[in-house]
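Participant: Sequence below, structure please.
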Amino acid sequence: MFEEKRDMLAPEPGGETELKTPPEQEQPQEVVSWYTPVEKEGPEVVSYFVQKTPLPQSAWGVRTAQPRPPAPKKKRRGLWIFLGCVGALVLVVLVSALLHGSGDDMDPILPDDGENPSSIVHVGEVETSIPKVQGDAGVKLQITQERGPELSPQEIYRRVNPSVVTVVAEEKEGASVGTGIVMTADGYILTNAHVISGGKKAWIATDMGVTYEVQLVGFDERQDLAVLKTVEDVDLPPAVFGDSSRAIVGDTVYAIGNPLGLELRGTMTNGMLSAVGRTVDMEGVSMTMLQTTAALNSGNSGGPLINAYGQVIGINTMKMSNTDLDRESTVEGLGFALPISDLTFAVDDLIALGYYRGIPVVGVTVVTVEMEEGGTGVVVHSVSEGSGAEEAGLQVGDLLVAADGRELHTVDDLMIVRRAHQVHDTLHLTVWRDGEVLELDVMLYSDREMD
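Facilitator: Next up, the predicted model:
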């Protein structure tokens, strides 16, 4: 195999090495995260959705939740009991208009006795006094490669909805209401960082209305990601997480969450992926998102974006909307979710350390090339200065044969191996260069260290 790959890389008489590159792969892919093209049109999210008027008081009637057998361990009060205890707290919706790019900050208009659904908006600074707890370093976000058959919308709802929870962050006045995803049976919950921003105490409610107090494991502002953990011992149904890097434009997707707050909890909407690898600039932070036409509204923040196989492939985070409330024209069908496969490093760090170190990077850009004898291979296109790849001696034109003993045929193969590592781990590469097989150990620095 090495001889054949060497022949493919041999220079043409009188010229430099020529590699056959698939027509659709015109640019190299950097081994930091999945490659995304540079957006030339500038920032896309021009404003955020805000509900204009509160829901009618009659919409908040109390309903008794029916427990699902067998009952969770140490089942606490139902959601309706909590609503009865708050008494004077009447759920209303946050009314404000946030103008993107404006130099003047507008304070949200929050009624004295109200709670507000968490807005679909990425906030640049998160402050919270929710009690913290040390996570278990052995808990990892597991991404499933197997898909199985496509499911009907009804099957998807029955499968995923029990893994979707309401997240309530109690503030000084009122509360922020968002959505969360059950990651593990013992009560690790994923949500957006902006959902818990400003919170002093937090709790979750299951689809059956059973509530549990939660503590903060960790959060990261730049990723807009937070991990919560139940205080009590629980046995919750965890979601299945799929590989978002396999998602393509046109895929059917679903969202489940709590649009506009508690009363409409468990709402499912559907649509399709309208873009993948979409770069969105938000308050000076560049985020790579999945773009969807599934309806997202305030309160959907932190909820799951689900593929046709019932797997969570994204965390719903923001949407585009028109902020001019005097105009009837609005922007529709532009929601954004964080790709779940890009969050594995962040989730694992937040659980183990309480903070996020960044993405472990190899320090090269690579391309998938066609081999003369058939099949494909992975070739180094460039090497970053000061990176672990440069320190290990990787060079432009090197053919990456294997990583940690796994054969490499495409860039995605290398991504899968890298995903199993953390910052400051060592990645072992088998390299073919000028007829010689090299074994190189590459230190994986953080992308934030490289910055």
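Participant: Every contact and neighbour count from this point should use C-alpha atoms.
Facilitator: Noted.
Participant: Run a quick neighbour tally on residue 438.
Facilitator: Residues within reach of residue 438, counting by other CA atoms under 10 Å, total 16.
Participant: Give me the sheet partners of whichever strand or helix holds it and which way each runs.
Facilitator: Remark: residue 438 resides in strand 436-443, with elements defined by DSSP states H and E. Partner strands for strand 436-443, per DSSP bridges, with pairing direction: strand 426-433 (antiparallel).
Participant: Other residues contacting stretch 388-401?
Facilitator: Contacts made with stretch 388-401 from outside it, assessed by CA atoms under 8 Å, 6 or more residues apart in numbering, are listed as 5, 362-364, 377-384, 407-409, 429-433, 440-445.
Participant: Could you give me the buried positions within it?
Facilitator: When neighbours are counted by 16 or more other CA atoms under 10 Å, the buried residues of stretch 388-401 are found to be 388-390, 394-395, 397-401.
Participant: Can you give me the first-to-last residue distance of it?
Facilitator: Using CA to CA, to the nearest Å, one end of stretch 388-401 lies 18 Å from the other.
Participant: Which parts of the stretch 151-300 of the chain are strands?
Facilitator: 164-170, 175-182, 188-191, 201-205, 211-220, 225-230, 252-257, 267-282, 285-292 (DSSP state E, counting those that start in this stretch).
Participant: Indicate which one of those strands is closest to residue 352.
Facilitator: strand 211-220 (8.8 Å; CA to CA).
Participant: any residues touching the closest one, and which ones?
Facilitator: Outside of strand 211-220, the residues that reach it under the criterion CA under 8 Å, 6+ apart are 75-79, 130-135, 193, 201-205, 225-232, 346, 350-351, 353-356.
Participant: Now with 7 Å, please.
Facilitator: 76-79, 130-135, 193, 202-205, 225-231, 350-351, 354-356 (CA atoms under 7 Å, 6 or more residues apart in numbering).
Participant: what does stretch 268-284 give?
Facilitator: Under the criterion CA under 7 Å, 6+ apart, residues 36, 39, 43-44, 124, 248-257, 286-295 lie in contact with stretch 268-284.
Participant: Pull out the buried members of those.
Facilitator: Listed as buried from these are 252-257, 287-295; burial here means 16+ other CA under 10 Å.
Participant: Out of those residues, which one has the weakest pLDDT?
Facilitator: Between those, the one the model trusts least by pLDDT is residue 287, at 84.
Participant: Tell me what that residue is bridged to.
Facilitator: Residue 287 has these beta-bridge partners by DSSP bridges: residue 280.
Participant: What segments of the stretch 251-400 of the chain are helices?
Facilitator: For the stretch 251-400 of the chain, applying DSSP state H, counting those that start in this stretch gives helices covering 344-353, 388-392.
Participant: Could you figure out how far the first one is turned away from strand 211-220?
Facilitator: Here the directions of helix 344-353 and strand 211-220 differ by 110 degrees (axes from the mean of the first three to the mean of the last three CA atoms, to 10 degrees).
Participant: now for helix 344-353, which elements pack on it?
Facilitator: strand 211-220 (3 or more CA pairs under 7 Å, 6 or more residues apart in numbering; DSSP states H and E).
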